[in-house]
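Participant: Just need the structure, nothing else, for what follows:
(one chain, ligands or ions: 2)
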Amino acid sequence: MANPNIRGDRQALKRTMDAIIEASRASKQESRPSPQSSLFAPVPSELPNGISELVFDVPAHKRLSDLVLSANLKESIEEFIYEFSHASLLREHSVEPRHTLLLIGPPGNGKTSLAEVIASELSLPLLSVRYDAIVDSFLGETANRFRRLIDYVAANPSVLFFDEFDAVGKDRGDSQETGEIKRVVSSLLVQLDRLPSHSVVICATNHPELLDKAVWRRFEVRVEVPLPGPSELKEWFQKFERSLGASAGIDAQEFADCMAGESMSEVEAFTLDVRRRLILSRGKLTPASAAREILGRWQRRLRKDLQSGNYGSEISGGKAPEGAETGKTNARPRARRNLRAEKDAGGAK
Ligand SMILES: Nc1ncnc2c1ncn2[C@@H]1O[C@H](COP(=O)(O)OP(=O)(O)OP(=O)(O)O)[C@@H](O)[C@H]1O
Ligand SMILES: [Mg+2]
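Facilitator: Ligands and ions are numbered 1, 2, ... in the order given. Okay, the predicted model is just below:
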C-alpha cells in the first residue's frame, strides 16, 4: 500500500519545485529587455557552452493580441497557455499540464509567431533547434547532442521549438530516407519522452502527411493554423486602419474579398507596401490614395497570375491527420476570388 508520508513528501517536493520555477521565471522576466528597448540590441546569451551551438535563442516578444487568429485557434492556444501557467494547481491534484504542441498549416500563417507568443506569454526562453548543428554523420554523436539538449531543457524550463519539423521528423517508412535518418528520429523520440512537463515542446510543420505516426502520437495538443478566413481578414484590416489613424478608403469587405486565399504574411506584405508608399510620398498621398494604389497593383498582379495560370503559392497545408483540432481552412483557388477586382477592371468575364 502507498505510504501516505511518501505521497505527502512528493507533493511537497513538487510544490517546492514549482515555487522555484515560478521564482526563476519571474526573475528572468524582470531581467529580459522590454520589447521596445531590445529591437536592435544583441540578445544576451545565457546558454552554456555545449548548448548554445545547438539552438537559436530567439527573442520572443510577440503577444497573443498581436496576432489575428480564428476563434477556434485562439481558444486552443489560450487554453494551452492557461493550463501550463496553472501547472501547480494541476499538480496539487496529481495531474500534469499538457506541454507538447504540434502546429500544422500552410506557410506564413503564424506557426513560428505562435511559438514566440507562447514563450513570451509564459515568460520562458524560446530555444529553436538547429538541426544542422545537431545531426552529425555519427548517430552516436547525434544522440549525445539530443541528450545534452534535453537534459538542459529538463533542468531549465524553456520552450523547445522544432521549426519545420518535417525536416527531421520525416516518415521513417519513407524508402527515400536512409536508415541513418530513421535512427536519428528514433533517438529524438526517445529523448523527447524523457522531457518533464516543466518545459514546453512545440513543433511546426507544413507537411503533416510526412510525419511519422510515432511523432504524431507524441503531441498532446495538435492544432491547425489555417489561412485567414473573411473575418480574420476584416479584423486585420480594421487593426491596420487603427494603426494608420485614418481611413484606408477601402471597405473591410472589399479588402477581405481581395485577399481571400492569401496567407497572413502576404496580407502583412500588402499593408507594409501601403506604409512604404505613404512614407515615400512625403505627404503627397493620403492613406486612402496610397491604399487604393497598392490594392490596384495587387489586383493587376492577381489578374496576371490568373491569365498565366500561375496560382502562386497555393499550398493547402496537406491533409491534417486524424486528431488535429482543425479550424476552418480557407484555401481556395485564386481563380475564384476577387470578383470586385474583375468589376473594377470593367471586364468581368
Ligand atoms: N495570424 C497572424 N496574425 C498576424 N500576423 C501574422 C499571422 N500569421 C503570420 N503573420 C505574419 O506573417 C509573417 C510570417 O509568419 P510566421 O513566420 O509565423 O509563419 P509560419 O506559419 O511560421 O510560416 P512558415 O511555414 O513559412 O515557417 C510574420 O511576420 C507574422 O508577423
Ligand atoms: Mg515558420
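Participant: Any stretches of the stretch 201-349 of the chain with poor pLDDT?
Facilitator: Low-confidence segments of the stretch 201-349 of the chain, defined by pLDDT under 70: 306, 309-349.
Participant: Now do the helices in it.
Facilitator: Taking DSSP state H, counting those that start in this stretch as the test, the helices found in the stretch 201-349 of the chain are 213-217, 230-244, 252-259, 264-280, 287-308, 339-344.
Participant: Out of the ones you listed, which is closest to ligand 1?
Facilitator: helix 264-280 (3.3 Å; Cβ to the nearest ligand atom). All C-beta atoms are positioned from the backbone trio N, CA, C, and that covers glycine.
Participant: Also compute the angle for the closest one relative to helix 287-308, please.
Facilitator: 130 degrees (axes from the mean of the first three to the mean of the last three Cα atoms, to 10 degrees).
Participant: residues of helix 264-280 that come out buried?
Facilitator: Judged by neighbour count using 16 or more other Cβ atoms under 10 Å, the buried positions of helix 264-280 are 264, 266, 267, 270, 271, 273, 274, 275, 277, 278.
Participant: ok, of the residues you listed, which one's closest to residue 49?
Facilitator: Comparing the buried residues of helix 264-280 against residue 49 with Cβ to Cβ places residue 264 closest, at 37.6 Å.
Participant: Let me know the secondary structure of the residue lying closest to the closest one once chain neighbours are set aside.
Facilitator: Leaving out its chain neighbours, the residue that sits closest to residue 264 by Cβ to Cβ, 6 or more residues apart in numbering is residue 109, at 4.8 Å. For residue 109, the assignment made with DSSP: H, G, I helix; E, B strand; the rest coil gives coil.
Participant: quick one: pLDDT of residue 109?
Facilitator: Per-residue confidence for residue 109 comes out at a pLDDT of 97.
Participant: how close does it get to residue 214?
Facilitator: Look at residue 109 and residue 214: by Cβ to Cβ, to the nearest Å, they are 26 Å apart.
Participant: for residue 97, same thing?
Facilitator: Relative to residue 214, and taking Cβ to Cβ, residue 97 is found at 23 Å.
Participant: which of those two has more neighbours?
Facilitator: In this view residue 97 and residue 214 are compared by other Cβ atoms under 10 Å, and residue 97 has more residues nearby, 19 against 13.
Participant: so what's that one up against?
Facilitator: With contacts defined as Cβ atoms under 8 Å, 6 or more residues apart in numbering, the neighbours of residue 97 are 83, 84, 86, 87, 90, 197.
Participant: of these, buried ones?
Facilitator: 83, 84, 87, 197.
Participant: Redo those residues as a markdown table? Include pLDDT, secondary structure and distance to residue 47.
Facilitator: What follows is the buried ones among the contacts of residue 97, written out as a markdown table (pLDDT from 0 to 100; DSSP: H, G, I helix; E, B strand; the rest coil; distance: Cβ to Cβ, whole Å):
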| residue | pLDDT | secondary structure | distance to residue 47 |
| --- | --- | --- | --- |
| 83 | 96 | helix | 27 |
| 84 | 96 | helix | 22 |
| 87 | 95 | helix | 23 |
| 197 | 91 | coil | 22 |
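Participant: farthest-separated two in those?
Facilitator: Among the buried ones among the contacts of residue 97, the pair separated by the greatest distance (Cβ to Cβ) is 83 and 197, at 10.0 Å.
Participant: Which neighbours do these two have in common?
Facilitator: By Cβ under 8 Å, 6+ apart, the residues touching both residue 83 and residue 197 are 97, 98.
Participant: OK, contacts around the residue nearest to residue 264?
Facilitator: 225, 226, 227, 228, 263, 264, 265.
Participant: I'd say the first one and residue 104 touch.
Facilitator: In other words, residue 225. Yes. Using Cβ atoms under 8 Å, residue 225 is in contact with residue 104, at 6.8 Å.
Participant: For these two, indicate the residue with more neighbours.
Facilitator: Neighbours were counted for residue 225 and for residue 104 using other Cβ under 10 Å; residue 104 has more, 30 against 27.
Participant: buried stuff in stretch 141-153?
Facilitator: For stretch 141-153, the neighbour count (16+ other Cβ under 10 Å) marks 142, 143, 145, 146, 148, 149, 150, 152, 153 as buried.
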